[in-house]
Each structure stands twice: as structure tokens, then as C-alpha cells.
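**Student:** the following comprises the amino acid sequence and a computationally predicted model.
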Amino acid sequence: MEAVTLVLIASLVAHLYFWPYQADDWNRAEIGLLIVSLTIAGLTTCLIANDLHWAKSTLTQRVLVFLICSIAGGICIVMLVTFSLAYLAERRQRAEAKKAEEASAARRLLCVSVCVRLILNLEAINPTFEALNPYRESPGIPAQKGPVSGSRGPDFHDEVFVTEKGGRR
């Protein structure tokens with residue numbers, strides 16, 4: 001037990017000297033756990049010494065065993081609760097992020113559909129809007145072949161031909 005106690009004391013001193021974590025809360029938690037482990041090691045040493053002593057009592061042994069187990073069990077319960085709370089908080093954050101992403105995608109889709117409807121309505125309402133179409137055959141102006149420079153037509157790699165009725169082929 002002396003070797004375990006020496007290792008724990010050396011770890012505590014090194015931890016206090018180097019302060020390895022950037023977050024102070026983590027350093028304090030680690031120091032607390034090292035102090036609790038030193039306490040458990042000391043109580044275990046007392047229990048072993050009580051076993052070897054001629055004036056041992058069962059009451060003292062039971063109290064020491066109960067104290068050691070309750071400290072270790074208490075630490076385990078606290079760590080389990082802390083882990084569970086962190087896990088639930090992470091799940092909530094993921095769910096909120098997913099909802100926000102879905103809402104953003106829905107807004108983008110709505111924006112695109114509104115733009116498409118606006119363009120279709122402009123073509124129906126405003127006949128001059130069709131005049132902006134570079135592939136449309138206008139009276140007196142021959143149809144252009146291929147895309148206009150700087151734009152990409154419906155099939156930008158193929159030539160576009162206008163049929164006699166004004167449709168594309």
C-alpha cells in the first residue's frame with residue numbers, strides 16, 4: 001500500500017505543479033479525484049493495520065469497509081450522473097442542429113420555388129421577357145447556333161437548332 005500511496009502523492013504533486021489541462025475545472029476535478037484516491041488508500045491501510053492488531057474490533061472493520069465502499073460508490077455515481085447529463089446535452093444539441101439544418105434547407109427550397117414561379121409568371125405576363133431568350137427566333141433575326149458567349153444554354157455542349165414552328169430540337 002505504501003507504493004500506491006507514493007505513486008498517488010507523486011501524481012498529485014506533479015499535477016499541482018504542471019496543471020496540465022487548459023480548463024481549470026478539469027484540473028480541479030483531477031486534483032479532487034487524486035485526493036479521494038489518497039483517502040481511500042489511507043483508509044485501506046488502516047483496515048489492513050486493524051486486521052493485524054491484537055485489539056481489532058469488528059465494528060471498526062465494518063465502519064472502515066462501509067466508508068471505503070461509500071466513497072468509491074459515491075464517486076462512481078457522481079461520474080455516472082455527470083456523464084449522463086453531458087450525453088443528454090449533446091443529444092439535444094445534435095437534434096437542434098438537425099432541425100436548424102432542415103429549416104434552412106426548407107427555406108432554400110422555398111426560395112428556389114418562389115424564383116421559378118416568378119420567372120414562369122414573368123414569361124406569361126410580360127411578352128418582352130421572351131425577347132431576352134437568346135435561342136428564340138425573332139422575325140428578321142436568324143436563330144443563333146450554340147450558346148451565347150458567357151451563357152450556358154439548356155444543352156451547352158450541343159448546338160441548338162430552331163425548327164420552322166419556333167421550337168427547339
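**Tutor:** Nice, I can see it.
**Student:** test my guess that residue 71 contacts residue 37.
**Tutor:** No - in this structure residue 71 lies outside contact range of residue 37 using C-beta atoms under 8 Å: 9.5 Å. Every C-beta, even on glycine, is put in place using the N, C-alpha and C of the backbone.
**Student:** the more surrounded of the two?
**Tutor:** Taking other C-beta atoms under 10 Å, residue 71 and residue 37 do not tie; residue 37 has more neighbours (19 against 15).
**Student:** for the protein, longest helix please?
**Tutor:** helix 58-125 (DSSP state H).
**Student:** average pLDDT for that helix?
**Tutor:** For helix 58-125, mean pLDDT is 88.
**Student:** counting by contacts, list what it packs against.
**Tutor:** Here helix 58-125 touches helix 24-52, helix 127-130, going by 3 or more C-beta pairs under 8 Å, 6 or more residues apart in numbering; DSSP states H and E.
**Student:** tell me the most buried of these?
**Tutor:** Most buried of the helices and strands packed on helix 58-125, by mean neighbour count (mean count of other C-beta atoms under 10 Å): helix 24-52, with a mean of 14.
**Student:** quick one, the longest helix of the chain and helix 24-52 angle?
**Tutor:** For helix 58-125 against helix 24-52, the angle by axes from the mean of the first three to the mean of the last three C-alpha atoms, to 10 degrees is 160 degrees.
**Student:** no further questions, thank you.
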